[in-house]
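Peer 1: Here's my sequence, what's the structure:
(one chain, ligands or ions: 2)
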Amino acid sequence: MAKFGRLGPGRMAFKVTLVFCTFSILTLLSILQFAPSRLILSEYPVRLSPLQIARTDAIVAAFQHAWDGYSKHCFGHDTLHPVTNTCEDDFGGWGATAIDSLPTAIIFEKENVVIQILEFIAALDLNKVKGGRRIQVFEVTIRHFAAMISAWDLLNGPFSYMATGPSLRSALYAQMVRLGDILSCAFDPRSGVPRDWVDPALCETDQGVQNTLAGVGTMILEFARLSDITGNQTYAKLARRAEEYLLRPQPASGEPYPGLLGSFISVESGQILGSQGSWGALADSFYEYLLKAYLYNSDLYCFYVERWLVAADSTIRFIGSHPYGHPEWTFLPSWDGLNLQNSMESLSWFAGGSFILGGMVTDNQTLVDYGLSIADATGAIYESTKTGLGGEFVTWTTACETSDENPCDPKKSIHISDGRFRLRSEVLETWYHAYRATKDPKYRDWSWAAFEAINLYCRTETGFSSLENVHAEDGGGKSNVQESFVFAEVMKYIYLIHLETAQFHVQDSRAGTKNTWVFNTEAHPLRIAGPPQ
Ligand SMILES: *[C@@H]1O[C@H](CO)[C@@H](O)[C@H](O)[C@H]1NC(C)=O
Ligand SMILES: *[C@@H]1O[C@H](CO)[C@@H](O)[C@H](O)[C@H]1NC(C)=O
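Peer 2: Ligands and ions are numbered 1, 2, ... in the order given. Sure thing, here's the model as predicted:
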């Protein structure tokens, strides 16, 4: 607590938010009511307008197109290169694309694909790793592990009529638990901090001395869910113990602003190493999961949302900035201690959605509006390029910097400093949340425009490829990468923004509706275990 005193605002946010964490008789009652046996039957399929039907059909067709390409050329491998039709095993060869696609295939009601993937999972030997001995804990947790858990929840909930074969379902369960046990090997027995590489056959880790904020702080949802499904709290306890170091960070220099941390953790001591950080790579989903852990179980993970609110408050007060001439748009610089750098990478665009979700959950319009100002900045960037797609990095100026060739022009205050398009989903995720909060059709239209641009510039015979340059007429050429998140996230968020109602949709407590599902950072919906928020 003393540490919040270093900068006053954090303490204030902390006080304000305590109200979310008061355990009351009411919350107790709602836990009792929310017994798993009381599954709400699907409101799905739902009535859609002709425009929505045309769009969702086109997205499902795009999924099928890419699935067919992967399935024909690389089924069982991790990744298809969609220009050369060559395969890569970049995640240990456990069919990352197949497994990561499973929840999307379920939600799109592609039962043949669902069964094909479930059969693959049933036959997978998790002791064997292709091209080495180790798997990467962070990537396998958010992709394979979360996809299996999500599939379990979806198939036992709104999609219970699909893939009903009992042997497929019990194999999914067994592999999900086996994978949870493998990932549990990552945690250092002394400190409890996980390392990032595990040998599944020997249950041994690498000897790395540090991990990232995201690597340590992106396990709580998946591990807690496995514990609640299996009734074995071992998994949740492992993730919670590691997270403690991030919730109460030491030393003080590792938390340059209240709630905002440096990006590396010592495995031995759990201390934060350095004070460089951002809402982007190495850190991103740590912040995302502070909020989402609370959504998952609002009784157990109250302190997590308090910390998210502190981080959000600091971001507004000390970090966020507006490009010259556009006070209505917000960008989030990275930090090195108290120095800020006006550069934002596409991974960190999810922050808009996180602010919007946090604002909806805590009924705070300031937070929703702040998230929308980030969403609108990304929309402006997408609209500004020749392809209609955003790049990998943007930089901006906050003051009018006049020179001979650069008169004071608001149009020139934002610059795409890295024009590659890597088919990332974070912008689509933020627009999805923006739509859920506002129902403003502009977010649907942006999402659809991005889909059309992807179809136009990225589509190949077998899938969708990354691009070299969003500013070139033709996208600057295809760079031959189609990560599994194209199936897991890109397709799903574009689809979901056009779907009127679904059990697993993000809800808006300002409108009196509560979340009964929560999306992991790879867009895999998990059923929540605590009182809905
Ligand atoms: C819970 O899971 C852990 C890790 O797999 C295992 O060692 C333990 O035996 C399990 N406990 C029970 C009661 O099944
Ligand atoms: C809403 O969030 C803002 C930003 O963190 C904070 O200043 C304000 O006090 C919050 N409002 C309420 C009612 O909690």
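Peer 1: For the stretch 101-250 of the chain, what lies in contact range of ligand 2?
Peer 2: By CB under 6 Å from any ligand atom, no part of the stretch 101-250 of the chain sits against ligand 2. Heads up, the C-betas are built off the backbone N, CA and C, glycines and all.
Peer 1: which intervals of the stretch 101-250 of the chain have sub-threshold pLDDT?
Peer 2: Filtered on pLDDT under 70, the stretch 101-250 of the chain yields no residues whatsoever.
Peer 1: for it, what spans make up the helices?
Peer 2: Along the stretch 101-250 of the chain, the segments classed as helices by DSSP state H, counting those that start in this stretch run 111-123, 137-140, 146-155, 166-184, 213-217, 220-230, 234-247.
Peer 1: Can I get those helices in a markdown table including distance to Asp299 and mean neighbour count?
Peer 2: What follows is the helices of the stretch 101-250 of the chain, written out as a markdown table (distance: least, CB to CB, whole Å; neighbours: other CB atoms under 10 Å):
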| stretch | distance to Asp299 | mean neighbour count |
| --- | --- | --- |
| helix 111-123 | 32 | 19 |
| helix 137-140 | 27 | 23 |
| helix 146-155 | 20 | 26 |
| helix 166-184 | 23 | 18 |
| helix 213-217 | 20 | 26 |
| helix 220-230 | 12 | 24 |
| helix 234-247 | 13 | 20 |
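Peer 1: Tell me which of the ones you listed sits nearest to Asp336.
Peer 2: Among the helices of the stretch 101-250 of the chain, the nearest to Asp336 by CB to CB is helix 213-217 (14.7 Å).
Peer 1: For the closest one, what is the distance to the chain centroid?
Peer 2: Relative to its parent chain, helix 213-217 has a centroid offset of 13 Å by CA atoms, centre = their mean, to the nearest Å.
Peer 1: can you list contacts of it?
Peer 2: 137-138, 193-194, 196, 242-243, 245-246, 261-265, 277, 281-286, 289-290 (CB atoms under 8 Å, 6 or more residues apart in numbering).
Peer 1: pull the CA atoms of stretch 184-194 into PDB?
Peer 2: Output of stretch 184-194 as PDB, limited to C-alpha atoms (Å, rounded to 0.1, in the frame of the first residue of the first chain):
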ATOM      1  CA  SER A 184       2.500 -26.700 -14.900                       C
ATOM      2  CA  CYS A 185       6.100 -28.000 -15.200                       C
ATOM      3  CA  ALA A 186       7.100 -24.400 -16.100                       C
ATOM      4  CA  PHE A 187       6.800 -23.000 -12.600                       C
ATOM      5  CA  ASP A 188      10.100 -22.700 -10.700                       C
ATOM      6  CA  PRO A 189       9.700 -24.800  -7.500                       C
ATOM      7  CA  ARG A 190      11.400 -22.200  -5.300                       C
ATOM      8  CA  SER A 191      10.000 -18.900  -6.500                       C
ATOM      9  CA  GLY A 192       6.900 -20.100  -8.300                       C
ATOM     10  CA  VAL A 193       7.700 -17.900 -11.300                       C
ATOM     11  CA  PRO A 194       7.300 -19.800 -14.600                       C
END
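Peer 1: Out of the helices and strands in the chain, which is least certain?
Peer 2: In the chain, no helix or strand scores lower on mean pLDDT, DSSP states H and E than helix 8-17, which sits at a mean of 40.
Peer 1: Take whichever strand or helix holds Lys492, keep the C-alpha atoms, and write them as CSV.
Peer 2: If you go by DSSP states H and E, Lys492 is part of helix 491-497. Provided in CSV are the C-alpha atoms of helix 491-497 (Å, rounded to 0.1, in the frame of the first residue of the first chain):
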residue,chain,number,x,y,z
MET,A,491,-12.0,-14.2,-38.4
LYS,A,492,-13.7,-14.5,-35.1
TYR,A,493,-13.7,-10.8,-34.2
ILE,A,494,-14.9,-9.7,-37.6
TYR,A,495,-17.7,-12.3,-37.4
LEU,A,496,-18.7,-11.5,-33.8
ILE,A,497,-19.0,-7.7,-34.4
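Peer 1: give me the number of residues near the residue of the stretch 51-200 of the chain found nearest ligand 2?
Peer 2: For the stretch 51-200 of the chain and ligand 2, the shortest gap (CB to the nearest ligand atom) falls at Ile142, measuring 27.3 Å. Other residues within reach of Ile142, judged by other CB atoms under 10 Å, total 24.
Peer 1: who touches it in this structure?
Peer 2: Neighbours of Ile142 in contact, by CB under 8 Å, 6+ apart: Thr218, Glu222, Ser285, Asn520, Thr521, Glu522.
Peer 1: which one of these is nearest Leu467?
Peer 2: Glu522 (21.9 Å).
Peer 1: That closest one touches Leu102, doesn't it?
Peer 2: No. Between Glu522 and Leu102 there is no contact, the gap being 11.2 Å when judged by CB atoms under 8 Å.
Peer 1: Need the overlap of contacts for these two.
Peer 2: Here Glu522 and Leu102 have Ala147 as joint contacts, going by CB under 8 Å, 6+ apart.
Peer 1: the more surrounded of the two?
Peer 2: Shown here are Glu522 and Leu102; by other CB under 10 Å, Leu102 has more neighbours (29 against 25).
Peer 1: Which residue does the stretch 401-533 of the chain have closest to ligand 1?
Peer 2: Nearest residue of the stretch 401-533 of the chain to ligand 1: Ala529, at 17.0 Å (CB to the nearest ligand atom).
Peer 1: sorry, that was for the stretch 251-400 of the chain
Peer 2: For the stretch 251-400 of the chain, CB to the nearest ligand atom, closest residue to ligand 1: Leu300, 18.1 Å.
Peer 1: what number of residues lie near the nearest residue to that residue once chain neighbours are set aside?
Peer 2: In space, and not counting its chain neighbours, Leu300 is closest to Gly530: 6.4 Å by CB to CB, 6 or more residues apart in numbering. The tally of other residues near Gly530 (other CB under 10 Å) stands at 21.
Peer 1: tell me which element Gly530 falls in.
Peer 2: Assigned by DSSP H and E, Gly530 falls within no helix or strand.
Peer 1: ok, now how distant is it from Pro327?
Peer 2: 39 Å (CB to CB, to the nearest Å).
Peer 1: and what of Thr366?
Peer 2: For Thr366 relative to Pro327 (CB to CB), the value is 15 Å.
Peer 1: More neighbours: which of the two?
Peer 2: Ranked by neighbour count (other CB under 10 Å), Thr366 and Pro327 place Thr366 first, with 12 against 9.
Peer 1: Give me the three-state assignment for the more buried one.
Peer 2: helix (DSSP: H, G, I helix; E, B strand; the rest coil).
Peer 1: now it: how far from Arg317?
Peer 2: Counting by CB to CB, the gap from Thr366 to Arg317 is 11 Å.
Peer 1: Closest residue of the stretch 151-300 of the chain to ligand 2?
Peer 2: Gly259 (10.3 Å).
Peer 1: on that earlier part again, after the helix holding Lys492, next one along is what?
Peer 2: Heading C-terminal from helix 491-497, the first helix or strand you meet, by DSSP H and E, is strand 517-519.
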